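In: quick check, what structure comes out for this input:
(one chain, ligands or ions: 1)
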Amino acid sequence: MAREQEVVQACPTELFVGGKWRAAEGGKTLPVEDPATGATLCEVADASPADGVAALDAAVAAQAEWAATPPRERGEILRRTYELMTARADELALLMTLEMGKPVAESKGEIAYAAEFFRWFAEEAVRIDGGYQVAPNGAGRFLVLRQPVGPCLLITPWNFPAAMGARKIGPAVAAGCTMVMKPAAQTPLSMLKLAELLTEAGLPPGVLNVITTSDSGGVMEPLIRDPRARKLSFTGSTAVGRKLIEQSAEQVLRTSMELGGNAPLLVFEDADLDQAVEGALLAKMRNGGEACTAANRIYVQASVMDEFATRLTERMSALKVGRGTEDGVDLGPLIDAVQRDKVKDLVDDAVERGARPLTGGEVADGKGYFYPPTVLADVPKSARLQKEEIFGPVAPLTAFETEDEAVAMANDTEFGLVSYLFTKNVDRALRVSERLESGMVGLNQGIVSNPAAPFGGVKQSGLGREGGAPGIDEYLEIKYIATNIG
Ligand SMILES: O=CCCCC(=O)O
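Out: So this is what the prediction gives:
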């Protein structure tokens, strides 16, 4: 307990604006809750709309000088941040577990994942290329230059409190953009700590400004409508993303939107069933199911359904549920009561419509927002959780007969973030991968996330890509210079 208190006390709790830590207007604060107990961990500054404008002022003031900073220098700040995060992974992971609930081992995995975004974009900072081309009629030359888009607004969710920030801050720093970052009200601490680390790594004042607030819409909407902001990058629900896109239309802001998912996971009868069960477990239970990439609908060919369901149920029911700081815990609490009640409602609805719980399905009494690992068999198409993102440890199973039927069921959603498929048949693997309407496919594996790969969705799952080679493009404008040289 003493170590937990030490880690929380060592975390900044004020707004970070223009390189300085300061209280919110009127000294307002916002409690940060431990989802495992419901107790308050600490209070952080609760920014007002005026605090938001001050943060944008600072980002705007720093933009020109930052854009002129040599790419190598920007890259080295990112590289040092990667090193600092790696060296302090234990402390950062504990802080994340306290505010978000996931087991410490998973928090360590997220710290490593977040740090890799800084390493990746440290390497990308010095590879911003351009072009020189002879005009088709030979009478001129085209020059193409890529420049930072300018001050960015970044909004991140509570489920990956460090990694979702890193994959926006990394490319923005590499490209030469300044930022106003607003982390989720439930998990501000990891982001405040990250701001401290980036400063230690040499990030100049005003490049990154962090505001924490309970009034996300009230603080961010005026900034989105402010003509000085040039870009908005958001990770969160499709419903909120849609509103932000509407607000962004006023100033025709560049937007990157990483929105909701409803990932199908297909298991064909020719799959390696061990691999399929382990893959499904990972695709479902990474981050306790609180991920846009989580398998939301598991479709299994009827001939292997019983075997698959038995094996998955064995693995799910063996998971240890508890406070994320305890040894050996596999599944921590959900983020809050709202999320826990939503998961409960979705499961109750499925059961009322004929689904059969093979394990879990009941909320235990006691403190904290825990929900047990749950497997549901015979889930009908009408169940709400076939359409809505569950964001919890619930695996709904439905049988299919043919490949065409499986693809049609998988694509029957307005979302298109990621799909998973398990088969040993190479022809089918490629054929089905091409037919699935999603930005990413996990082929015989239950995870797609990698800082070196382009992450993002199609349909209502979003716009743009984060990470990989295209990740930095989201923060760069193309300028074409026409000349009559030659
Ligand atoms: O909830 C979705 C955030 C993306 C998580 C990932 O990078 O895998």
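In: from here on, just use CA atoms for contacts and neighbour counts.
Out: Will do.
In: now do the SS call for the residue of the stretch 301-450 of the chain found nearest the ligand.
Out: Relative to the ligand, the nearest point of the stretch 301-450 of the chain is Ser449 (4.5 Å; C-alpha to the nearest ligand atom). Here Ser449 is recorded as coil under DSSP: H, G, I helix; E, B strand; the rest coil.
In: the nearest residue to it once chain neighbours are set aside: neighbour count?
Out: Spatial nearest neighbour of Ser449, chain neighbours left out: Phe455 (6.9 Å); criterion: C-alpha to C-alpha, 6 or more residues apart in numbering. Neighbourhood size, Phe455 [other C-alpha atoms under 10 Å]: 21.
In: Ala172 too?
Out: Every residue meeting other C-alpha under 10 Å relative to Ala172 is counted, giving 30.
In: so it touches Tyr475, yeah?
Out: Yes - if you go by C-alpha atoms under 8 Å, Ala172 and Tyr475 touch, sitting 5.8 Å apart.
In: can I see the domain layout of this structure?
Out: When the chain is parsed with automatic domain parsing, its domains come out as 2-260+460-481, 263-412+418-450.
In: got TSV for those domains, with mean pLDDT too?
Out: Putting those into TSV (pLDDT from 0 to 100) gives the following:
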stretch	mean pLDDT
domain 2-260+460-481	98
domain 263-412+418-450	98
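In: how close does the residue minimising distance to the centre of the chain get to Asp427?
Out: Closest to where the C-alpha atoms of the chain average out (C-alpha atoms, centre = their mean) is Met164, at 4.5 Å. Separation of Met164 from Asp427 (C-alpha to C-alpha, to the nearest Å) stands at 35 Å.
In: write out the residues of the stretch 251-400 of the chain neighbouring the ligand.
Out: 291-293 (C-alpha under 6 Å from any ligand atom).
In: out of these, who's the most crowded?
Out: Using other C-alpha under 10 Å as the neighbour criterion, Thr293 leads these with 27 neighbours.
In: that one contacts Leu259, doesn't it?
Out: No - look at Thr293 against Leu259 with C-alpha under 8 Å: they stay out of range, at 10.2 Å.
In: mind listing what's buried along the longest helix seen in the chain?
Out: Assignment by DSSP state H gives helix 104-124 as the longest helix of the chain. By 16 or more other C-alpha atoms under 10 Å, the buried positions in helix 104-124 come out as 104-108, 110-124.
In: and for stretch 32-41?
Out: Using 16+ other C-alpha under 10 Å as the burial criterion, the residues of stretch 32-41 that qualify are 32-37, 41.
In: turn those into a markdown table, including distance to Lys387 and secondary structure.
Out: Shown next, in a markdown table, are those (distance: C-alpha to C-alpha, whole Å; DSSP: H, G, I helix; E, B strand; the rest coil):
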| residue | distance to Lys387 | secondary structure |
| --- | --- | --- |
| Val32 | 31 | strand |
| Glu33 | 30 | strand |
| Asp34 | 30 | coil |
| Pro35 | 27 | coil |
| Ala36 | 29 | coil |
| Thr37 | 31 | coil |
| Leu41 | 35 | strand |
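In: and the residues you listed, which is closest to the ligand?
Out: Minimum distance to the ligand across these is 18.0 Å, recorded for Pro35 (C-alpha to the nearest ligand atom).
In: need the contact list for Gly261.
Out: Shown in contact with Gly261 (C-alpha atoms under 8 Å, 6 or more residues apart in numbering): 292-294, 389, 415-418, 461.
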